[in-house]
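Visitor: quick one, fold the following:
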Amino acid sequence: MMMVRDYNQDPFIVIWEVTRMCPFHCKHCRAAAQLHPYPGELSTEEGKGLIDQVYSMNNPLLVFSGGDPLMRDDLFELASYASGKGMRVSMTPSATPRVTKKAVLRSKEAGIARWAFSLDGPDAESHDDFRGVPGIFDRTMKGISYLNELGIKFQINTTVTKYNVDKLPEMAELMKACGVSVWTLFFLVPTGRGKELEPVTPEQHEEVLRWAFNLQERMPYIVSTTEAQFYRRVAFQENQRRRKLGMRPIGRPHDDLAKAPRGTNDGNGFVFISHTGDVQPSGFLPINCGNIRDTPLPDIYRNHPVFKALRDPDSTKGKCGVCEFRFICGGSRSRAYAVTGDYKAAEPYCIYIPKKHREGKETVNI
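Guide: Residues are numbered from 1 along each chain as shown. Sure thing, here's the model as predicted:
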């Protein structure tokens, strides 16, 4: 059984951007990746020290992210160090020629329990265009075949934008054919190169989330979301509707390598460490709250004013601060910051009107 975590003390998930190196030029890239290491990346010994700090916080899930983690030569040494402590480790590699059967086997031996690939279109034409390099779709499918052959569970991440929103039903069928454990829909936050992309409208956010939730009734995999915290509100409402119609609610056991037993948000159960050791509430909320070279990660997560404010939903402005779903949702703090410059502002893409506003008992405070 999963231990109930106090998110004021310990995160559920820690994302470590082990490098920003990556050969791709993806249209949505938060990291503005490049072919060579940025100056100041954490060394192997500093990385092991960071892993020790992460482990001390009630052993949360650790994700090696990037850039492309496979471009870091000591990746499997770091993974072995973490898994040797009993940590749950996953990674999000790019589909480069480095994704070989040998690399997949080495990752399994190093204790990496899950891989996560990205697919942003149901075919080579659409996905390769989004990722900026021809051949990536085919390499991703080849990598998936290695994972299936070696019995390693994996998830697929899809960035939802105007570019591919109409292709999601096709992608849902592809996920089934691939044998994914989890399909994660990333809803665009306009940071990095992602500022050049067009997000779906607030109304489309709602439509896609309701479609995705009900999709789980007939698909064998879990659908999760990133930066769409109101998916939890949608799930609650949809199951209420189903009960009223005499239908069974949709529910799946949580997957502790991809989906928390209760909701996380930026800085609230979730923390991001950059390639140089900067600590941020998430990779999409680029507010530096310290550096692990100067201050221990537990101190930053537990005590920094930004993190503490992010864990106080009552202090959120606008409709999010009075919404009856604020404790299970809270809105995307990253998107609020990207769109308004204020991480405590109301979620700009949520169309739900809180009960207090419908009753006229509260005035919107923007």
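
Visitor: what is the burial count for Glu324?
Guide: By other CB atoms under 10 Å, 12 other residues sit near Glu324. Every residue, glycine included, has its C-beta placed from N, CA and C.

Visitor: surely it is in contact with His357?
Guide: No: judged on CB atoms under 8 Å, Glu324 makes no contact with His357 at a distance of 10.5 Å.

Visitor: pLDDT weak spots in this structure?
Guide: 1-3, 23-37, 192-195, 252-259, 261, 360-366 (pLDDT under 70).

Visitor: so where do the strands sit in it?
Guide: Along the chain, the stretches classed as strands by DSSP state E are 13-17, 61-65, 89-91, 112-118, 154-160, 182-187, 222-226, 270-273, 279-280.

Visitor: of those strands, which is nearest Thr316?
Guide: Nearest to Thr316 among the strands of the chain is strand 270-273; the distance by CB to CB comes to 16.1 Å.

Visitor: in its sheet, what does the closest one sit against?
Guide: Strand pairing for strand 270-273, using DSSP bridges, gives strand 13-17 (parallel), strand 279-280 (antiparallel).

Visitor: now those as JSON lines including mean neighbour count?
Guide: Formatted as JSON lines, the strands paired with strand 270-273 follow (neighbours: other CB atoms under 10 Å):
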{"stretch": "strand 13-17", "mean neighbour count": "23"}
{"stretch": "strand 279-280", "mean neighbour count": "25"}
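
Visitor: next up, the contacts around the spatially most central residue of the chain.
Guide: In the chain, the residue lying closest to the centroid (CA atoms, centre = their mean) is Thr226, at 4.6 Å. Counting by CB atoms under 8 Å, 6 or more residues apart in numbering, Thr226 touches 157, 184-187.

Visitor: can I get those in CSV including distance to Ala177?
Guide: As requested, these are exported to CSV (distance: CB to CB, whole Å):
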residue, distance to Ala177
Asn157, 17
Thr184, 17
Leu185, 18
Phe186, 21
Phe187, 24
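
Visitor: was I right to think Ile300 contacts Ile287?
Guide: No: using CB under 8 Å as the test, Ile300 is too far from Ile287 to be in contact (11.6 Å).

Visitor: between the two, tell me which one has more neighbours.
Guide: Neighbour tally, Ile300 and Ile287, criterion other CB under 10 Å: the higher count belongs to Ile300, 23 against 19.

Visitor: quick check: bridge partners of Phe186?
Guide: Beta-bridge pairing for Phe186 (DSSP bridges): Thr159, Thr226.

Visitor: so what's Gly84 closest to, chain neighbours aside?
Guide: Nearest-residue entry for Gly84: Gly111, 7.1 Å, with adjacent residues in sequence omitted and distances by CB to CB, 6 or more residues apart in numbering.

Visitor: how about the contacts made by the one you found?
Guide: Gly111 makes contact with 79-80, 82-84, 89 under the criterion CB under 8 Å, 6+ apart.

Visitor: next one: Asn148
Guide: If you count contacts by CB under 8 Å, 6+ apart, Asn148 has them with Gly179.

Visitor: distance of it from Trp115?
Guide: According to CB to CB, to the nearest Å, Asn148 stands 11 Å off from Trp115.

Visitor: and what of Tyr349?
Guide: Distance, Tyr349 to Trp115, using CB to CB: 29 Å.

Visitor: likewise Thr19?
Guide: Taking CB to CB as the measure, Thr19 falls 17 Å from Trp115.

Visitor: again with Asp266
Guide: Distance from Asp266 to Trp115, by CB to CB: 24 Å.

Visitor: more neighbours, those two?
Guide: Neighbours were counted for Asp266 and for Trp115 using other CB under 10 Å; Asp266 has more, 30 against 22.

Visitor: in this structure, which spans are helices?
Guide: Counting by DSSP state H, one finds helices in the chain at the ranges 44-55, 75-84, 101-109, 124-131, 136-149, 168-178, 202-215, 231-244, 297-303, 305-310, 333-340, 355-358.

Visitor: now render those as JSON lines, adding distance to Asn8.
Guide: Below are the helices of the chain laid out as JSON lines (distance: least, CB to CB, whole Å):
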{"stretch": "helix 44-55", "distance to Asn8": "17"}
{"stretch": "helix 75-84", "distance to Asn8": "24"}
{"stretch": "helix 101-109", "distance to Asn8": "33"}
{"stretch": "helix 124-131", "distance to Asn8": "38"}
{"stretch": "helix 136-149", "distance to Asn8": "36"}
{"stretch": "helix 168-178", "distance to Asn8": "35"}
{"stretch": "helix 202-215", "distance to Asn8": "28"}
{"stretch": "helix 231-244", "distance to Asn8": "19"}
{"stretch": "helix 297-303", "distance to Asn8": "7"}
{"stretch": "helix 305-310", "distance to Asn8": "8"}
{"stretch": "helix 333-340", "distance to Asn8": "16"}
{"stretch": "helix 355-358", "distance to Asn8": "26"}
